[in-house]
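S.K.: With the sequence up front, the predicted model follows.
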Amino acid sequence: MKIRILRIPALLILLICCCVSALCEEAGRVTLVPGEEWSWSRGAYNTFSGQIGLKEHTGTELTVSIRMELPYTETEEQSLPVFTSVNGKRIVMTKQSDTVHFTPDADCPDMAFTAAFRLPDSQYVSSVPMVFTVTDADGKELCTIRGRIDSEDNGSGKAGNPFHIPADIGLITAVTAGTAAGIWIIVIIRGIHRKKKRRTGAS
């Protein structure tokens, strides 16, 4: 009986987590396409293009930064990624960095971009995970979007499975915890009620 009762809140919590995850994935996305001359050789200089869905932040002045999750050494500072163009507008080399500004609107809700970086010299990699962080004008983090480019048999790359973590993840955690607590309270109340029925012999 106890095991059966415990299964109820566990299944409900799992269902809530799945729903939250689905909402997160729907809220933001990134598409990545490797450049025509992409190489997986150590230290190779590569370019790629991409598009980030920012419809939910329409009308907000955004700052978008990019970071590669690769095994760089401390001396490989020039390997860090830089944006080279945004929505067809090329960024001059002296102003290229890992951060750009973009304001999505109804006509252009997505940020199309190109970027460049170097692969690590220290070791071979077959996947390039990257993180895009979106903040507002006040520096408040709105969302973090992850994507990757993976190697294929023909040496080209492909976009990996992206997912999106909204900035109000703390609220989602609080709601999930509150729901779980509510479920446990209901289970406890029902258990107490059943015990009373057994003692009084009520049907």
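M.R.: That came in fine, so what should we check first?
S.K.: All the strands of the protein, residue numbers only.
M.R.: Assigned by DSSP state E, the chain shows strands spanning 29-34, 45-53, 62-68, 82-86, 89-90, 99-102, 110-118, 127-135, 141-151, 157-159, 163-166.
S.K.: where does the chain dip in pLDDT?
M.R.: Within the chain, the stretches with pLDDT under 70 are 1-28, 152-177, 197, 200-203.
S.K.: go again using 80 as the cut-off
M.R.: 1-28, 77-78, 152-184, 187, 190-191, 193-203 (pLDDT under 80).
S.K.: re earlier: columns distance to Val187 and mean neighbour count on top of the strands of the chain, output as CSV?
M.R.: C-beta here means a position set from N, CA and C on the backbone, and glycine is covered the same way. Converted to CSV, the strands of the chain look like this (distance: least, C-beta to C-beta, whole Å; neighbours: other C-beta atoms under 10 Å):
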stretch, distance to Val187, mean neighbour count
strand 29-34, 38, 19
strand 45-53, 40, 19
strand 62-68, 43, 18
strand 82-86, 52, 18
strand 89-90, 58, 10
strand 99-102, 48, 16
strand 110-118, 45, 19
strand 127-135, 39, 19
strand 141-151, 35, 19
strand 157-159, 44, 17
strand 163-166, 30, 18
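S.K.: Let me have those strands in TSV, adding distance to Gly178 as columns.
M.R.: Shown next, in TSV, are these (distance: least, C-beta to C-beta, whole Å):
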stretch	distance to Gly178
strand 29-34	29
strand 45-53	30
strand 62-68	31
strand 82-86	40
strand 89-90	45
strand 99-102	35
strand 110-118	34
strand 127-135	27
strand 141-151	23
strand 157-159	36
strand 163-166	18
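S.K.: can you tell me which of those comes nearest to Thr75?
M.R.: strand 110-118 (12.1 Å; C-beta to C-beta).
S.K.: Check which strands are paired with that closest one and give the direction for each one.
M.R.: strand 45-53 (antiparallel), strand 82-86 (antiparallel) (DSSP bridges).
S.K.: closest one to Ala181 among these?
M.R.: Nearest to Ala181, of these and by C-beta to C-beta, is strand 45-53 at 34.0 Å.
S.K.: Identify the residues contacting that closest one?
M.R.: For strand 45-53, contacts defined as C-beta atoms under 8 Å, 6 or more residues apart in numbering pick out 28-35, 37-39, 64, 84, 109-119, 132, 134, 145, 147, 149, 157, 159.
S.K.: give me that answer again for 7 Å
M.R.: 28-35, 38-39, 64, 110-119, 132, 145, 149 (C-beta atoms under 7 Å, 6 or more residues apart in numbering).
S.K.: repeat for stretch 83-101
M.R.: Against stretch 83-101 from outside (C-beta under 7 Å, 6+ apart): 61-67, 80-82, 102, 108, 111-116.
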